[in-house]
Every structure is written in structure tokens, then in C-alpha cells.
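A.B. asks: with the input below, show me the fold.
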Amino acid sequence: MKKWTQRLLLSVCWWSACSMAQAATATTFRVVTEDAPPFTYWHDGELAGPVLPFVDKLMQAAGLPYTHHVYPWARSLALAQHAPNVLIYALARTPEREASFHWIGELVDMRIYLYGMVGRKTPQVDSLAQARQLRIGVINKDVRLDWLKANGFSELSPTSVGGLDLSENSEVNMLKLRRGMVDAVPVSRIAMQTYCRHSKLDCSQFHQLYPLPMTMSLYLAASKKTSYEYVNTLRYHYRKLVQDGTHHQAFSRLGDG
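C.D. replies: Next comes the predicted model:
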């Protein structure tokens, strides 16, 4: 009996040691994004937005520890392109990006408009050709930059009348619009409303100049170097959050028609 008890204690100690060792070596994911309403933004010094609790529920359900990071979009994108075990949101799913990421699940579709400031002497815009005469603020490495370039827009130059002016994040981009450094920015309706609300601005000072023929399907995605075991686990628990209504509760109000 004494030997059996001793062996049992040794087994328990060995199992505990193994469990602690596994916990110590557990993969910690990096979840990366940018400061971009309505998904993630700073409010009274705290990070806020509907994706935060959703990602937390997803990672808890999947049993994956993680850290959350808000970077300029170009840096977040570079990490998701080159490092293992990185999740990124809200990433537009495009044919060009299809093979570069593991797509975990869609967050929302968003229609994009060119917004300007009321009272500015901004030319009337009824077509893409007329929009090319505007100074348009865009975020570096953002899919809207790619789309505009693919549709004949070029970056600003000292001699150009209009063109694309690049910023590192949406806060700087919106500040340029308010200060008259650019004529327009391409954002969704809900993104503009969220920006106004959390910046304590009167949103009537902004108005839609032109609806771009562009809709972004925005996703939570994993870096290509993330193992299929983790990817499949995340996809499974993402589907569960869709089925139990958590996804709808988090993102239904963000959709733009």
C-alpha cells in the first residue's frame, strides 16, 4: 500500500509538472489592429470597440492566450504577413490577399463614401474622374489606397491638382481633413459617426461627397505561418459564436448598405 501511494503521488507530481511546463510553453498569439473607428478606438484613455470583447470570447473559447496591440496599419499588416501566430483585424478580403492569410471569419461588410467638410470650396463630384481632382487622404497599406490606385488615382505630387495623401492612421487622416490639408477621406457611414461621437464633434460639419463603387468585406484573419491546428480551432469557435448570436450582437449595427 505504501508503494502504491508513493507511485500515485509521483504520478500526480509528474502530471502537474507536465501541465505547468505545457502552460509555460503555450503559444501566445498577438492580435494586431490599428486605431480605426468603429472597430477599435481610444475613448477616455481606454481602448474600446466591438471587436475587443468578441476576440476575447473567441480566444477564451479556443483556449489560446493572447496579447492585443494597436499599431499603425502598415506595421500590423507586416506582422501578419511575416510572423507566426498573429491575428489581424479588420482586414479587407481581396483576391490579391486571398492566398496570403488564413481567413478566420467575416466581421462585417462596409460601403465606402468620400466625405468632405461642409462649407469648403470642394468641387462637385459626380464621377470617379471628378474625384481624381480632389486631394484624398488615405491610410498607408490600406485596401482603399490599393483600390483607388487601381482605379486611376495617383499619389499627390508638387505639380498635381489632386491625388492621394498618405497617413499612418485614421486619426491623422481625419485631422488633415478638418484642417483643410485634404479635400476628402474614404470612410464608411458608421465609421464617420463613431469618429464624431468619440471625438465629441458635430457630425453635421461632414458630408458625403460621392459614394465610391466599393464595398469592403472585413475579416479577422491569421498569419500564413500559423499552424492549421490553431487555424481550425479558431474557425470552429468563430462559427460557434456566429451560431449562438454573439457575432450578430457585436457587429450587426456596423453594417453599411
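A.B. asks: ok, so what distance separates the closest residue in space to L148 that isn't next to it in sequence from A131?
C.D. replies: Of all residues not flanking L148 in the chain, L164 sits nearest, at 6.0 Å (Cβ to Cβ, 6 or more residues apart in numbering). No exception for glycine: its C-beta is placed from N, CA and C like everyone else's. Between L164 and A131 the computed distance is 11 Å (Cβ to Cβ, to the nearest Å).
A.B. asks: so what sits against both of the two?
C.D. replies: Common neighbours of L164 and A131 (criterion: Cβ atoms under 8 Å, 6 or more residues apart in numbering): F153.
A.B. asks: now do stretch 118-129: distance from first to last residue.
C.D. replies: Chord length of stretch 118-129, first to last residue, is 21 Å (Cα to Cα, to the nearest Å).
A.B. asks: what mean pLDDT does that stretch get?
C.D. replies: Taken as a whole, stretch 118-129 has a mean pLDDT of 91.
A.B. asks: list the buried residues for that stretch?
C.D. replies: By 16 or more other Cβ atoms under 10 Å, the buried positions in stretch 118-129 come out as 122, 125.
A.B. asks: could you do stretch 238-248 as well?
C.D. replies: Judged by neighbour count using 16+ other Cβ under 10 Å, the buried positions of stretch 238-248 are 238, 241, 246-247.
A.B. asks: could you do stretch 84-103 as well?
C.D. replies: For stretch 84-103, by 16+ other Cβ under 10 Å, it's 85-93, 97, 101-103.
A.B. asks: report the two of the buried residues of stretch 238-248 separated the most.
C.D. replies: Y238 and T246 (9.8 Å; Cβ to Cβ).
A.B. asks: helix, strand or coil for P123?
C.D. replies: The three-state assignment at P123 reads coil, by DSSP: H, G, I helix; E, B strand; the rest coil.
A.B. asks: what helices or strands is the host helix or strand of F54 leaning on?
C.D. replies: Element membership for F54, per DSSP states H and E: helix 51-62. Helices and strands touching helix 51-62, by 3 or more Cβ pairs under 8 Å, 6 or more residues apart in numbering; DSSP states H and E, are strand 29-33, strand 66-70, strand 86-92, strand 206-223, helix 228-243, helix 246-251.
A.B. asks: which strands and helices sit next to the first one?
C.D. replies: Secondary structure elements in contact with strand 29-33, counted by 3+ Cβ pairs under 8 Å, 6+ apart, are helix 51-62, strand 66-70, helix 73-82, strand 86-92.
A.B. asks: ok, that strand: who's next to it in the sheet?
C.D. replies: In the sheet, strand 29-33 lines up against strand 66-70 (parallel), strand 86-92 (parallel) (DSSP bridges).
A.B. asks: what's in contact with that strand?
C.D. replies: When contacts are defined by Cβ under 8 Å, 6+ apart, strand 29-33 is touched by residues 39-40, 51, 55, 59, 64-71, 75-76, 79-80, 83, 85-90, 230.
A.B. asks: which of these are buried? Put it as a PyMOL command.
C.D. replies: Paste this into PyMOL to select the buried members of the contacts of strand 29-33, with burial taken from 16+ other Cβ under 10 Å:
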select buried, resi 39+40+51+55+59+64+66+68+70+71+75+76+79+80+85+86+87+88+89+90+230
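A.B. asks: return the residues in contact with the residue sitting nearest the centre point of the chain.
C.D. replies: Most central in the chain under Cα atoms, centre = their mean is A90, positioned 2.3 Å from the mean C-alpha point. Applying Cβ under 8 Å, 6+ apart to A90 gives the contacts 33, 36, 39, 51, 107-108, 218-220.
A.B. asks: closest to S252 out of those residues?
C.D. replies: The closest of these to S252 turns out to be V108 (Cβ to Cβ; 8.4 Å).
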